[in-house]
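**Student:** build me a model from this:
(3 chains)
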Amino acid sequence: METTKLLKNAATLVALVREKTPLIHHLTNYVTVNDCANIVLACGGSPIMADEINEVEEVIALASAVILNIGTLNQRTLESMLAAGKKANELGVPVILDPAGAGATTFRTDSCHLLLENVDLAVIRGNASEIKAVGGLEATTLGVDVAPEDLLSEANLASGKTIVQSLAHKFNCVVAMTGEVDLISHGKKTYALNNGHPWLAGITGTGCMCSSLIGTYSGITTNYLEAALTGVMVLSIAGEIAAEEIKAGMATFRTKLIDQVSLLEPQVLLERGKIREL
Amino acid sequence: METTKLLKNAATLVALVREKTPLIHHLTNYVTVNDCANIVLACGGSPIMADEINEVEEVIALASAVILNIGTLNQRTLESMLAAGKKANELGVPVILDPAGAGATTFRTDSCHLLLENVDLAVIRGNASEIKAVGGLEATTLGVDVAPEDLLSEANLASGKTIVQSLAHKFNCVVAMTGEVDLISHGKKTYALNNGHPWLAGITGTGCMCSSLIGTYSGITTNYLEAALTGVMVLSIAGEIAAEEIKAGMATFRTKLIDQVSLLEPQVLLERGKIREL
Amino acid sequence: METTKLLKNAATLVALVREKTPLIHHLTNYVTVNDCANIVLACGGSPIMADEINEVEEVIALASAVILNIGTLNQRTLESMLAAGKKANELGVPVILDPAGAGATTFRTDSCHLLLENVDLAVIRGNASEIKAVGGLEATTLGVDVAPEDLLSEANLASGKTIVQSLAHKFNCVVAMTGEVDLISHGKKTYALNNGHPWLAGITGTGCMCSSLIGTYSGITTNYLEAALTGVMVLSIAGEIAAEEIKAGMATFRTKLIDQVSLLEPQVLLERGKIREL
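**Tutor:** You can find the predicted model right below:
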C-alpha cells in the first residue's frame, strides 16, 4: 500500500528530526512567532528568527530550511525575504512560503507574486482562500481566516484537487491547502488527509505552526511531499490527542497541542494517520 | 432597572458576536499581540494584525472595527495608525484607542494627541494614569502599569467620574478607565463596574486584551457604551471564574483566563455582572 | 560560609523586588518578549518595552534597569539600543546585554562589539557560544542555541572559568555563561551554579527570561554579581520545581516555569541553591 509507505516514511522523519536538530530560519510575523519557535523545538528542531537584511544571507548559510511567512509583512521585511529566498535557492536550502492573509490586500497578494517570481519554493502552505489568491484564482479572503465559501470539505474535494495540482504544476513545488480536509500535491499525485480537530481553528497560529513543522521536516529530506505530509499530520494528530485530553478551553488546548507535538511517538502516525490518494 | 437592561444587552452581544464573527483589525504592540489575537478568537471574532501603510486601508475596508494600541509604537507604525484611523472614519468603522504607556514619554503622549486630533474614536480604554495623560491632566505614569497614586478605588470614584466624563465630552466618545473599579462613560452617564480579580494585574496584556474585546463587540453594534461595558465585563468575569478554578500561579491564571472567555455563557453576565450608575 | 551568605542575599533580593516593583526597560526581540514581560511581573517587577529612538531616553530616566537583547535586532533597533545604553550610563541605570545569537552572523557579532565599545555594562548573559563570540574567541554558533562542542559541563569548567573571568576583566562587568552548569564571574571571583533541568532547553525564551530576571534584580541593588546569581538561581530553581510538578509536555512546562517564579518563596533559595566558588 503506497499510503502505508507514506505513513512509515512520515514516522521515520518524526524520529530523525530529533537526532538531526536542523536549524530552521524564520522570517515571520510577530503574532505567532513564539508559537512557531516552540513548535520547532517541540518536534526536535532548532528555530532562529532573523529578518535584518544585513544578516539573513549568513543565517541561510547555517540553516537547513527557511520559512517565509507574510502574516505581518512590511516593506522592510519583504526585502529581507527576497534576499533570504534568493540565497536559499543559491545554496539549495528549501524555502517554505506561508501566504498568510494573501488575497486580503493588494500588498500581500503582490508580495506573494514577487516572491514566487524570484524564489523557487519547496512548499507553499495556506488555507483555501490564501492558496486561491496565490494561484490568481477568485477567492473571498476576509482576513487571515478562511472565508466560509472557500472552506474545503469532503463535498468539494474535486475542485480542491484541481486547484492544488495546477498550482503545484505552475510553481513546480509542493502545495498544501489545509482545512477540515487537507490536500497536498506535488502536481502528479494529490493526497487528502483527514486528521485534525475543529478546535485547531479556535486558536491563532495553527496555520503558521503547520508551516514551521513542514519547514522543519523539509530540513532533513529532499522529498518535500513527504515533509509536507509529515508536518500536516504531526500538527493534526497532536491536535486530536490534545482535544481528547481536555474538556474545553481554547488556551488549554493550545498548551496541550504543543505538549503533544513534543510527546508524539513516531508509531502514532501509523496508528492514527488518515491519508488517501485522490 | 436600567442596569439589568444593560446586563441583558451585554449578554446578547456575547451571544451575537459568535454568530457574526466580526473581523477585528489591530495595529498593536509586539508584546501582547498573541494574547490579543487569541482573546478575539476566544470571544468569537476573527483577528487580523496588519501595520504596513500600503495595506492598512484595504484591511480597514474589510474590518468591523480597528484597535490602535500604542504599546510599542514607533514612527513607522504611528503613520500607519493615522492612515488606518482616517480610513476607518471615512468608512464608519469604529476605532478603539488603547493609549498604553501614555504619559510615560513625550512621544507616546504626543502621538495620542495626534491620533485624537485626526481620528474620531468610538472608545478610549486605559488605566487611570493613561487616561489622565490623554486628557492633559497631571498623572504619574511610571511605565505601562498604573501609578499607585492614580489607582482608582471606591475611595476616589467621584474624581474618577469627573475625569472620564470630561474626557468623553471633550472627545465625543466612550471612555473606559479600568482598574480595581472600572469607570465607563459616554459623557452623559457614567457606570462603575466591580467585577474582576487582583491577579489580572499580575500578567501582561490584560489591558490590551480588554481593548481587543471592546473592539470586537464594537464590531457588531453602534452602541459603543454597551460594547465597552460588555468587553470590560467579559474580561473581568472570566478573570473571576479563572481565579476560582485554580490555587495559584500567574501563567496558569493567564491560560485559564483565555479559556474562560472561550467558555463564557451569556447568562453568566446576568448572574455575576456588578454594574451601577454613578 | 561565603556561599551561604550569597544564598541569603539572593533570598533577600527575591523578597525585596516584590516590595520595590522596579520598572525594567527592555529593548528586546519579538519572539520571547511576552515571556520576558510575564517573568518580570512574576518575580515582582514592572516591565516596559519601548524601542522607538524618540522615547528610549525618557523611558531610561524612569527605569531601574535596562535589558538590551539582540535576538531579532535590526538597524533601527540597534540605534535605539545605543541611545538607551548611553543614556543609562549617564544616569547610572544598570545595563544588561543578552547577545542572543552572537557569533551566528557578522551583524550580530559586530553589533555586540559596537554596544560594548559605547556602553558600560552591568551584566552580560549568554550561552557558551554567545559568550565566546562576544569575547572574540573561536566559537561554533549554530543559531540561537548553543553548539554541542561549546556546551559547558563539569568536564570543562576550568576553560569556562578562564573565559568568563577574562571577559569580565576585559569589559569590567559581571559575566554569566548559562548552560548545564552556570558560570558567573565579576573577574576576581567565579561561581558555578548547578541548579536547573534539561527541559529548560526544550522551550524558547529561557535564556531571555534569565536575562530579564537578572535585569530586574539589578534594578534593586548595585551588587550586580548578586543580581546575576539571583536571576540565574530563580529561573533554575523554578525550572526544577516545575519539572517535578508535571510528567511531560514542553508547553505545560513553560506555564509551570512562570508559575513557579511567581510562587517562589525566598527561603527556597537557601534550601535548593547549589553554588560554589571555583
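**Student:** show me what from the stretch 51-200 of chain A comes close to chain C.
**Tutor:** A:51-52, A:54-55, A:58-59, A:62-63, A:76 (CB under 8 Å from any CB of the partner chain). C-beta: built from backbone N, CA, C; applies to glycine.
**Student:** could you list the buried residues of stretch A:2-9?
**Tutor:** A:6-9 (16 or more other CB atoms under 10 Å in any protein chain shown).
**Student:** quick one: contacts of it?
**Tutor:** For stretch A:2-9, contacts defined as CB atoms under 8 Å, 6 or more residues apart in numbering or on different chains pick out A:191, A:223, A:226, A:229-230, A:269-270, A:273, A:275-277.
**Student:** right, and the helix or strand after the helix or strand hosting residue A:217?
**Tutor:** According to DSSP states H and E, residue A:217 maps onto helix A:206-218. Note on helix A:206-218: by DSSP H and E, the next helix or strand toward the C-terminus is helix A:224-245.
**Student:** helices or strands next to that following helix in the packing?
**Tutor:** Where contact means 3 or more CB pairs under 8 Å, 6 or more residues apart in numbering or on different chains; DSSP states H and E, helix A:224-245 is packed against helix A:2-20, strand A:123-126, strand A:174-177, strand A:182-185, strand A:190-193, helix A:206-218, helix A:250-263, helix A:266-272.
**Student:** roughly how far apart are the residue most central in space within chain A and chain B?
**Tutor:** The centre of chain A sits closest to residue A:211, judged by CA atoms, centre = their mean, with a distance of 2.3 Å. Computed with CB to the nearest CB, to the nearest Å, the distance linking residue A:211 and chain B is 16 Å.
**Student:** pretty sure that residue sits against residue A:67.
**Tutor:** Yes: between residue A:211 and residue A:67 a contact is recorded at 5.7 Å, counting by CB atoms under 8 Å.
**Student:** which neighbours do those two have in common?
**Tutor:** With CB under 8 Å, 6+ apart, residue A:211 and residue A:67 have common neighbours A:36, A:96, A:98.
**Student:** residue in the stretch 151-278 of chain A nearest to chain B?
**Tutor:** Residue nearest to chain B within the stretch 151-278 of chain A: residue A:249 (3.0 Å; CB to the nearest CB).
**Student:** for that residue, what are phi and psi?
**Tutor:** phi 100, psi 110 (degrees, to the nearest 10).
**Student:** which residue is the nearest non-sequential neighbour of it?
**Tutor:** residue B:259 (3.0 Å; CB to CB, 6 or more residues apart in numbering or on different chains).
**Student:** what does residue A:198 give?
**Tutor:** residue A:180 is the one closest to residue A:198 (CB to CB, 6+ apart), at 7.9 Å.
**Student:** just list the residues touching the one you found, thanks.
**Tutor:** Here residue A:180 is in contact with A:151-153, A:196, A:198 (criterion: CB under 8 Å, 6+ apart).
**Student:** between those, which is nearest chain C?
**Tutor:** Looking across the contacts of residue A:180 and measuring by CB to the nearest CB, the closest to chain C is residue A:196, at 18.4 Å.
**Student:** mind listing what's buried along stretch A:70-90?
**Tutor:** A:70-74, A:76-78, A:80-89.
**Student:** that stretch near chain B anywhere?
**Tutor:** Yes: using CB under 8 Å from any CB, stretch A:70-90 reaches chain B at A:71-75.
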